[in-house]
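**Student:** take a look and give me a structure for this.
(2 chains)
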Amino acid sequence: MIILEVTNPASSVSLVLFFGTIGMLALTIGLIVFIIFHQRKVIRYQLKLQRMEQDQQKLLLNASIRLQEEERQRIAADLHDDAGPLLATARLYLNENLVNLDKSTQLQSIYNAKQIIDDTIQLIRNISHSLMPPTLKNFGLESAVNDLFQKISGSGSMNASSRFHDYKERLQAENELIIFRVIQELVNNILKHSNASFIHLTQNTSGNKFFIRLHHDGRGITQNDFNKLNKSNVGLGLKNIQSRLKVLHGKIFFEKDMSQTYYKVTIELVKEEDNKLAEQE
Amino acid sequence: MLPEIAFYSEILPIIFYLIFLKRNRGEGLWVIFIYCVLSPLTELLYFLMKSQAVFACFNIVQFTLFSIFCYFSLKEKKLKYIPVIGALIFYAVALSKFNDTGFDSLSQSLASVLSLPYCILLLYEQVKDPSIMFVYNNKKFWLIIAFFLYFSATLFLYIYYSTLSLEQRSNYWSINNFFEIVKNILFCVAFIMKKNVQRSDLTDIDMLDPDI
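**Tutor:** Numbering: from 1, shown residues only, chains lettered A, B, ... in the order given. The predicted structure follows:
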């Protein structure tokens, strides 16, 4: 300013004042316009993300509804095709004509009816167990998973083993059920698609995180495949897994082992207290 | 003509603040209201007393009020120190240069220089605040813009004011008057507009932004 005053006459001062003011105004208006447009851009981007998330949620919801319908159809089919005919046959044995038969035939009929009713009871028990495994309800996730793996091993088609390293305190019943269903779905997928010779499940905790890892030596999927399937209309089971884990604020990672021989699925969950906090937020 | 319009424009924000008192409650706008009341009073006082000390005092009060506004508007604790430190620097300079003989160019320009970063800081916080849906739906945004435009437009005028001839002063003072009017109009906009739209009101987005 001093230099300007010394070297330039009053007109130069006016010039500096004029252009200085114009410059300041241009800068200010430019900054304001930039802020407004930048904010609009950010909001648009956030909205786009939100819409994508909504679409994803819609897909998951549809998948879960379809799965529920399929499950209902399966139960209906079991009841209709198996329990229905069995009970009808039992009814046949016990129909009114029974009084007209001789004693030994009557006894044979009653015995047959009893056999059929026993079979029906077993069938209904199986249906009920498939809906809610009693081991899970009574003894917890560890026992239910061990039970499931023993059954798979028992079939002789695959070697299945599980090991829970840190599961002294049981999770809430509904959370255990969700985790069990996810494991069931993953195991079913492995059985159906992978041609694996073994499955091994391990459970660990680290800090406030709860991990379940599944290894198998068959054909598997990677995280990229999982993301693609999740966004498409196929992969109903995987979407179901995703929607179940969303309830627990959990994550799932599909990867190939470092040795490139095994596929690894990791389920990462936050422990319950932290989960409640996340829900409150 | 322009000085008269500038003077009368100072009364408009007071009227609108009082008319839309309900909308302006609880927003910390009372500081700006006091500023709006003091502004025409200063001119009246100057008209009666004919002393430059009135403007010097008003400059101190104006900067103090703007610093208070900044202090209450800034949400980050660390940033709240900035208007306090700025005010202390300003008081030191303004009180040491206080006189009733002429226009105090130094303290006026210092007020402008300090106010500009305050405005940028406030705008930065507004953009960063996730609870604000669109900045231009926020009352404080318009108040900050009013100050920002006024201080940036008058900065060079205040810096060079003491070096200008009497004729140049009266010519260039119209910049001050013009931006005084702009400032008061923007104050009116802020006082008239409805309370802030929160980001959580997602259903209103489509209605608010025609481009979406």
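**Student:** so which bits of the helix or strand hosting B:L149 are buried?
**Tutor:** Taking DSSP states H and E as the criterion, B:L149 maps to helix B:139-160. Residues of helix B:139-160 classed as buried: B:139-160 (neighbour count, 16 or more other CB atoms under 10 Å in any protein chain shown). C-betas here are computed from N, CA, C, even on glycine.
**Student:** quick one, what contacts residue 139?
**Tutor:** Unless you meant another one, I'm taking chain A. Neighbouring residues of A:F139 by CB atoms under 8 Å, 6 or more residues apart in numbering or on different chains: there are none.
**Student:** sorry, should have said chain B
**Tutor:** B:N24, B:E27, B:L29, B:A190, B:F191, B:M193, B:K195, B:N196.
**Student:** out of these, which end up buried?
**Tutor:** Buried, going by 16+ other CB under 10 Å: B:N24, B:E27, B:L29, B:A190, B:F191, B:M193, B:N196, out of the contacts of B:K139.
**Student:** inside helices: which ones of the residues you listed?
**Tutor:** B:N24, B:A190, B:F191 (DSSP state H).
**Student:** my guess is the first one meets B:Y17, correct?
**Tutor:** Yes - with contacts defined as CB atoms under 8 Å, B:N24 counts as touching B:Y17 at a distance of 5.7 Å.
**Student:** between those two, what contacts are shared?
**Tutor:** With CB under 8 Å, 6+ apart as the test, B:N24 and B:Y17 both reach B:F33, B:F191.
**Student:** tell me the residues of chain B that contact chain A?
**Tutor:** B:120, B:123, B:127, B:133-136, B:145, B:148-149, B:152-157, B:159-160, B:163-165, B:168, B:172, B:175, B:202, B:205, B:209, B:211-212 (CB under 8 Å from any CB of the partner chain).
**Student:** and B:Y150, what's its pLDDT?
**Tutor:** You'll see B:Y150 listed with a pLDDT of 93.
**Student:** if you could redo that for B:E10, that was the one I meant.
**Tutor:** Reading off the model, B:E10 has pLDDT 89.
**Student:** same question for A:I212.
**Tutor:** On the pLDDT scale, A:I212 gets 91.
**Student:** and for A:D166?
**Tutor:** 86.
**Student:** ok, the one 10 residues further on next?
**Tutor:** According to the predicted model, the pLDDT of A:E176 comes to 89.
**Student:** burial count for it?
**Tutor:** Residues lying near A:E176 (other CB atoms under 10 Å in any protein chain shown) number 18.
**Student:** so it versus chain B, what's the distance?
**Tutor:** Relative to chain B, A:E176 is positioned 34 Å away (CB to the nearest CB, to the nearest Å).
**Student:** check contacts around that residue.
**Tutor:** A:L136, A:G140, A:L141, A:A144, A:R170.
**Student:** I figured the second one hits A:E169, correct?
**Tutor:** Meaning A:G140. No - contact criterion CB under 8 Å: A:G140 and A:E169 do not qualify, at 9.7 Å.
**Student:** higher neighbour count, the two?
**Tutor:** Ranked by neighbour count (other CB under 10 Å), A:G140 and A:E169 place A:G140 first, with 18 against 8.
**Student:** can you tell me the closest non-neighbouring residue to the more buried one?
**Tutor:** A:R170 (4.6 Å; CB to CB, 6 or more residues apart in numbering or on different chains).
**Student:** tell me the pLDDT of the one you found.
**Tutor:** The model's pLDDT for A:R170 equals 85.
**Student:** wait, is it part of a strand?
**Tutor:** No - counting by DSSP: H, G, I helix; E, B strand; the rest coil, one finds A:R170 to be coil, located in no strand.
**Student:** what does it show for phi and psi?
**Tutor:** Per-residue torsions, A:R170: phi -70, psi 150 (degrees, to the nearest 10).
**Student:** buried ones in stretch A:220-232, by neighbour count?
**Tutor:** Those would be A:G220, A:I221, A:F226, A:L229, A:N230, for stretch A:220-232 by 16+ other CB under 10 Å.
**Student:** and B:G102, that one's in a strand?
**Tutor:** No - using three-state DSSP, the secondary structure at B:G102 is coil, not a strand.
**Student:** circling back to that earlier point, export the buried ones among the contacts of B:K139 to JSON lines and append columns for distance to A:L186 and pLDDT.
**Tutor:** Below are the buried ones among the contacts of B:K139 laid out as JSON lines (distance: CB to CB, whole Å; pLDDT from 0 to 100):
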{"residue": "B:N24", "distance to A:L186": "59", "pLDDT": "83"}
{"residue": "B:E27", "distance to A:L186": "54", "pLDDT": "73"}
{"residue": "B:L29", "distance to A:L186": "58", "pLDDT": "86"}
{"residue": "B:A190", "distance to A:L186": "58", "pLDDT": "91"}
{"residue": "B:F191", "distance to A:L186": "61", "pLDDT": "91"}
{"residue": "B:M193", "distance to A:L186": "55", "pLDDT": "89"}
{"residue": "B:N196", "distance to A:L186": "48", "pLDDT": "65"}
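**Student:** distance of A:A144 relative to A:G237?
**Tutor:** Between A:A144 and A:G237 the distance, using CB to CB, to the nearest Å, works out to 19 Å.
**Student:** out of the two, which sits in the busier spot?
**Tutor:** A:A144 (22 against 18).
**Student:** what kind of secondary structure is that one in?
**Tutor:** Assignment for A:A144 (three-state DSSP): helix.
**Student:** apart from its chain neighbours, what residue comes closest to it?
**Tutor:** Using CB to CB, 6+ apart, the closest residue to A:A144 is A:L136 (3.6 Å).
**Student:** what residues does that neighbour make contact with?
**Tutor:** Here A:L136 is in contact with A:S143, A:A144, A:E176, A:L177, A:F180 (CB under 8 Å, 6+ apart).
**Student:** can we see that at 10 Å?
**Tutor:** Going by CB atoms under 10 Å, 6 or more residues apart in numbering or on different chains, A:L136 touches A:129, A:142-145, A:147-148, A:173, A:176-177, A:179-181.
**Student:** do the same with A:T89
**Tutor:** Counted by CB under 10 Å, 6+ apart, A:T89 has contacts A:N112, A:A113, A:Q115, A:I116, A:I117, A:D119, A:T120.
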